[in-house]
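# sequence? don't have it. structure:
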């Protein structure tokens, strides 16, 4: 029996379910309500730019690796393209699709060296070098994960679980990649090299994307 997209538990659905189980049950209704919200699209623009910047960071830092960007939006097509890319021993894959049972994820960046894996979840949330000490909350009742960071860690933990179940022979190290606002870039106008564009999908819907000025980046890297 083939799986339809309604049966997959994705990252988005998992996060909604953690917020409220009823929202998960009515997920498609909430999604449709948000799809036309211009304010949410504006907020998403920064996330798209940071995500695209992360792709090129890994692409340039592993020049000896194969680089594959999985651009297909369909479930089956993206899974097939990912499995093809994973045939390389050393490869950097942007947005690979991984499935196990009824779970489906799209990893932001996956770096594969043999069976050693870096699983990278990219967030537009800003931080400083000292913020790593804020992950834990120390109380009389014990140590817990700070509520501010809990959704981010749950996200990468979910991806790590699905990936480890799909590929049990892999040694996986998860990473949470954030924007360090205490650091300066050596490239003026970096954000202008990642232009937000809107494209139409096959079903007539609009989708935000990023057009990258690779030539300018290569000159300044």
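Nice, thanks for sending it over. Computed from a predicted structure; not experimentally measured. Numbering: from 1, shown residues only.
# Quick one: list the elements packing against the longest strand seen in the chain.
For the chain, the strand that runs over the most residues, judged by DSSP state E, is strand 116-127. Packing contacts for strand 116-127, counted by 3 or more CB pairs under 8 Å, 6 or more residues apart in numbering; DSSP states H and E, involve helix 38-61, strand 109-113, helix 150-166, strand 171-180. The C-beta positions use only the backbone N, C-alpha and C, and glycine is treated the same way.
# for it, which positions count as buried?
Judged by neighbour count (16 or more other CB atoms under 10 Å), strand 116-127 contains these buried residues: 117-125, 127.
# now these in JSON lines, with distance to residue 9 and pLDDT?
Supplementary listing: the buried residues of strand 116-127 in JSON lines, determined by distance: CB to CB, whole Å; pLDDT from 0 to 100:
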{"residue": "117", "distance to residue 9": "21", "pLDDT": "97"}
{"residue": "118", "distance to residue 9": "24", "pLDDT": "97"}
{"residue": "119", "distance to residue 9": "18", "pLDDT": "97"}
{"residue": "120", "distance to residue 9": "21", "pLDDT": "95"}
{"residue": "121", "distance to residue 9": "17", "pLDDT": "93"}
{"residue": "122", "distance to residue 9": "21", "pLDDT": "91"}
{"residue": "123", "distance to residue 9": "21", "pLDDT": "86"}
{"residue": "124", "distance to residue 9": "24", "pLDDT": "76"}
{"residue": "125", "distance to residue 9": "24", "pLDDT": "76"}
{"residue": "127", "distance to residue 9": "28", "pLDDT": "72"}
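# Tabulate the residues you listed in TSV, adding columns for distance to residue 59.
As requested, the buried residues of strand 116-127 are exported to TSV (distance: CB to CB, whole Å):
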residue	distance to residue 59
117	17
118	14
119	17
120	12
121	17
122	13
123	19
124	19
125	22
127	23
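# With mean pLDDT, distance to residue 13 and mean neighbour count added, can I get the helices and strands packed on strand 116-127 in JSON lines?
Compiled in JSON lines, these are given as follows (pLDDT from 0 to 100; distance: least, CB to CB, whole Å; neighbours: other CB atoms under 10 Å):
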{"stretch": "helix 38-61", "mean pLDDT": "68", "distance to residue 13": "17", "mean neighbour count": "16"}
{"stretch": "strand 109-113", "mean pLDDT": "97", "distance to residue 13": "21", "mean neighbour count": "20"}
{"stretch": "helix 150-166", "mean pLDDT": "92", "distance to residue 13": "10", "mean neighbour count": "17"}
{"stretch": "strand 171-180", "mean pLDDT": "90", "distance to residue 13": "20", "mean neighbour count": "15"}
